[in-house]
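Colleague: no FASTA, just this:
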């Protein structure tokens, strides 16, 4: 069974030394860096845990308009898992934002059994015909990040529990896009995302109206 996630979920951004930067002055922290002490694959694993294993089931909550939530000082945005979603987001000044607007995951017991099987499925599944992310009308750089195979701790009420009745440790492989954004300047910003996966993967898009105060 193939499941595509659009994670704009976003989600964590990393506070660097100094004040918030203008919206387009290097908005995305370099992919080779370790924002807030974590590599990009590590951030993607944290997002995977949040979206697939958290009791709040943020993926489904996003369908009801929930923009996301603060997690350990960073803002995790909701993932658009439909087309044309609109979000109103209130983000405190100086708060980092992490955003993963497109991804593909494979689950042990559903897609495969071994780590290698899961890894191959996730890597092969992350293919698309259209894929873009922008902040205030300007394109953001994208890079495919492989989170590898890791254990998601699935709580009662989580995405894994709701869809597959899986709780406890669930072996998962995840590949996708993720950006870690500098804290945005106070005021209003717009983040737009879209992705169309190949085959039967489907299309997903969202507009995030972000108010920083």
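Modeller: Structure's in. What do you need? What you see is a predicted model; the values in this text were computed from it and never measured. Numbering: from 1, shown residues only.
Colleague: residues near residue 90, how many?
Modeller: 12 (other C-beta atoms under 10 Å). No exception for glycine: its C-beta is placed from N, CA and C like everyone else's.
Colleague: what helix or strand is it on?
Modeller: For residue 90, the element it lies in under DSSP states H and E is strand 85-91.
Colleague: try residue 132
Modeller: With DSSP H and E as the test, residue 132 turns up in strand 128-135.
Colleague: how far does stretch 40-50 sit from its chain's centre?
Modeller: Distance, stretch centre to chain centre, for stretch 40-50: 8 Å (C-alpha atoms, centre = their mean, to the nearest Å).
Colleague: if you could redo that for stretch 121-137, that was the one I meant.
Modeller: Worked out by C-alpha atoms, centre = their mean, stretch 121-137 lies 12 Å from the chain centre.
Colleague: got the end-to-end distance for it?
Modeller: 34 Å (C-alpha to C-alpha, to the nearest Å).
Colleague: immediately after the longest strand seen in the chain, which helix or strand?
Modeller: In the chain, ranked by residue count with DSSP state E as the criterion, the top strand is strand 168-181. The helix or strand immediately downstream of strand 168-181 is strand 187-197, counting by DSSP H and E.
Colleague: is residue 147 in a helix, a strand, or coil?
Modeller: With DSSP: H, G, I helix; E, B strand; the rest coil as the basis, residue 147 sits in strand.
Colleague: surely it meets residue 177?
Modeller: No. Look at residue 147 against residue 177 with C-beta atoms under 8 Å: they stay out of range, at 11.4 Å.
Colleague: which residues of this protein fall in strands?
Modeller: Using DSSP E, strands in the chain cover 4-5, 11-12, 68-71, 74-77, 85-91, 97-107, 128-135, 138-139, 144-154, 168-181, 187-197, 203-212.
Colleague: what's the closest non-adjacent residue to residue 95?
Modeller: residue 75 (5.2 Å; C-beta to C-beta, 6 or more residues apart in numbering).
Colleague: what's opposite that neighbour in the beta bridge?
Modeller: residue 70, residue 97 (DSSP bridges).
Colleague: if we can go back for a sec, angle of the strand holding residue 132 against strand 203-212?
Modeller: 10 degrees (axes from the mean of the first three to the mean of the last three C-alpha atoms, to 10 degrees).
Colleague: enumerate the positions of strand 128-135 that are buried.
Modeller: Residues of strand 128-135 classed as buried by neighbour count (16 or more other C-beta atoms under 10 Å): 128, 131, 133, 135.
Colleague: tell me where this protein is predicted with low confidence.
Modeller: 1-25 (pLDDT under 70).
Colleague: identify the residues contacting residue 107.
Modeller: By C-beta atoms under 8 Å, 6 or more residues apart in numbering, residue 107 lies in contact with 118, 160, 164, 166, 170-172.
Colleague: which helix is the longest one in the chain?
Modeller: helix 40-53 (DSSP state H).
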